[in-house]
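Undergrad: Provide a 3D model corresponding to the input given below.
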Amino acid sequence: MPRKIHNLHIKMIPATPISTKNKLESQELFKISRFKPLIKKTKPHKHEGYFELIFIAEGEGFHWIETESYQVQTPDFYFLKPGQLHFWQFTAIPKGYVMMFKEEFIDAVKEVKILQQIQQLGDLTRIPMWKDPMVEHIFEDILRVFKEDTRNADDVIKGYLRVLFAKISEHSTDKPSLVENPLCDRFLSLLSQQSPILHKVTDYATLLQTSPQNLNQSCKKKTGKTASEHISAQLILEAKRNILHTEQNINQIADFLQFNDASYFVKFFKKHTGETPHQFRGRYLGE
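TA: Have a look, this model is predicted:
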């Protein structure tokens, strides 16, 4: 039975959880296609275990990524990481490319440079008005190679990816981390998979076969934040996703996020954002 929160007036409506899409077949590691020439609003969704590179040469509308709404400014480029939430609301037919690949597509030994380039991008998500003519040519060439499917197609595509990520990194405002820290990297990957089920550093430390102290120190050294701070940030992100992009009430969201008490969830959210979930939803959605 849903827990009640006093002084929080939320309309009781059915829960509609955020969907997770997988546009890659079970054995498929890479795919590229042109944008579908359609004007339609997609539903908020996340992608399961793959990166997505999007280049829009023409089109108008809006692109929601997590809690931010971006007006399409062509030529527009987006880099979405596994698990990120997004959806489109086009007002003119888009023309461009969508490229998807799993991390396993990049050989950790032979193509280590590409993996390093991806890690160095930090939080970079978008490059609006990217008027570099080479970028569109790279997408078009990759599409051609992908369709031809020759014996060395994967190697050629990875060569193009290295050039593309080098160009993307020129726009990254984050300083690249030169610290090698596999433990923190594994933790951050695990965090996106296990949140919101696990809330404690000890839970992740157990899965990673290390101590909570060691895990916190590793994350602090790599990112400047402790593992505990990363867990809190991920929980807030999951909360914002569900507050904005589902019709769940606050009690239902608290249950989904594995909080034992809904009032504690409200306090947790306000501590980290400065406002209650109800205030946050009202500010964005005008409720």
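
Undergrad: biggest helix in this structure by residues?
TA: Longest helix in the chain by number of residues, with DSSP state H as the criterion: helix 227-245.

Undergrad: quick one: buried residues of that helix?
TA: Buried residues in helix 227-245, counted by 16 or more other CB atoms under 10 Å: 227-232, 234-245. In short, each C-beta sits where N, CA and C put it, glycine included.

Undergrad: starting at the chain centroid, how far to it?
TA: 12 Å (CA atoms, centre = their mean, to the nearest Å).

Undergrad: Break down this protein into its helices, ranges please.
TA: 112-120, 133-148, 153-169, 182-194, 201-207, 212-223, 227-245, 250-256, 262-273, 277-285.

Undergrad: quick one: which of those is nearest Thr42?
TA: helix 227-245 (11.5 Å; CB to CB).

Undergrad: Summarise which helices and strands that closest one is packed against.
TA: Here helix 227-245 touches strand 85-101, helix 182-194, helix 201-207, helix 212-223, helix 250-256, helix 262-273, helix 277-285, going by 3 or more CB pairs under 8 Å, 6 or more residues apart in numbering; DSSP states H and E.

Undergrad: Using CSV, lay out these together with mean pLDDT.
TA: Shown next, in CSV, are these (pLDDT from 0 to 100):
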stretch, mean pLDDT
strand 85-101, 95
helix 182-194, 87
helix 201-207, 95
helix 212-223, 92
helix 250-256, 94
helix 262-273, 96
helix 277-285, 88
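
Undergrad: ok, for Ser172, nearest residue in space, not its chain neighbours?
TA: Among residues not flanking Ser172 along the chain, Leu124 sits closest, at 4.6 Å (CB to CB, 6 or more residues apart in numbering).

Undergrad: and that neighbour, how many neighbours?
TA: 16 (other CB atoms under 10 Å).

Undergrad: swap in Leu115?
TA: Other residues near Leu115 number 15, with proximity taken as other CB under 10 Å.

Undergrad: Return the residues in contact with it.
TA: The neighbourhood of Leu115, defined by CB atoms under 8 Å, 6 or more residues apart in numbering, consists of 103, 106, 108.
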